[in-house]
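**Student:** compute the structure for the input listed below.
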Amino acid sequence: MSYETILFDVDADGVATLTLNRPEKRNAWNRQMGLEIRSALKDADARDDVRVVVVTGAGKDFCVGADLEGAGKVFEQARDGEAAGQQRLTLKAWDVRKPIIGALNGDLEPLAELRTEMDKVEKQIEDWLRQVRQADTQATGR
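**Tutor:** Next up is the predicted model:
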């Protein structure tokens, strides 16, 4: 598949490399990039020849965050598109069964949001485990 804002390649060892490819914009995230990342991750996840996905950025920065051109309406446009039934821009990393490794450089602004999401997942797992232990204790009486 051909992309405008990312590069996606799988080598002979099964390493898929997803490169944010807008170095002239410091890899600022926009709607098109979101759709392409989602597509590439779904493709990697479905392929038997892919063992791991490495995400990196072209140029000096991994990603500086949202592309604020167009009066900074990138997230507003994403919400409006999703509300209108268009394809969702995000794909939760935990929905991908292949390991994802970040080869990060330069500005890492989006990592704060990723860390927040990871904290939420960790809390959900802890809550689930607590519920499983309680159910087991109730069922076995131990």
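**Student:** report the helix or strand with the lowest average pLDDT across this structure.
**Tutor:** Least confident helix or strand of the chain, by mean pLDDT, DSSP states H and E, is helix 74-83 with a mean of 61.
**Student:** and this structure, what are its domains?
**Tutor:** Using automatic domain parsing, the domain parsing of the chain gives 6-109, 110-142.
**Student:** most tightly surrounded among these?
**Tutor:** domain 6-109 (a mean of 16; mean count of other Cβ atoms under 10 Å). In this view, the C-beta of every residue, glycine as well, is placed from N, C-alpha and C.
**Student:** assign a three-state SS to D136, would you?
**Tutor:** Classification of D136 using DSSP: H, G, I helix; E, B strand; the rest coil returns helix.
**Student:** spatially nearest residue to it (excluding sequence neighbours)?
**Tutor:** R142 (8.0 Å; Cβ to Cβ, 6 or more residues apart in numbering).
**Student:** next one: N30
**Tutor:** Nearest to N30 is D67, by Cβ to Cβ, 6+ apart, at 4.2 Å.
**Student:** ok now do the one you found, which residues does it touch?
**Tutor:** Listed by Cβ atoms under 8 Å, 6 or more residues apart in numbering, the contact partners of D67 are 22, 25, 28-30, 74.
**Student:** list just the nearest of those residues to V52.
**Tutor:** W29 (22.6 Å; Cβ to Cβ).
**Student:** I'd say the closest one and A66 touch.
**Tutor:** Yes. In this structure, W29 is within contact of A66 by Cβ atoms under 8 Å, at 5.4 Å.
**Student:** how close does the closest residue to P99 other than its chain neighbours get to M33?
**Tutor:** Nearest residue to P99, sequence neighbours excluded (Cβ to Cβ, 6+ apart): V52, at 4.8 Å. For V52, the distance to M33 equals 21 Å [Cβ to Cβ, to the nearest Å].
**Student:** tell me where this protein has helices.
**Tutor:** In the chain, helices defined by DSSP state H lie at 31-46, 74-83, 111-140, listed in chain order.
**Student:** any idea which of the ones you listed scores lowest on pLDDT?
**Tutor:** For the helices of the chain, mean pLDDT drops lowest on helix 74-83, to a mean of 61.
**Student:** what sits closest to R97 if chain neighbours are left out?
**Tutor:** Closest residue to R97 apart from its sequence neighbours, by Cβ to Cβ, 6+ apart: D45 at 5.7 Å.
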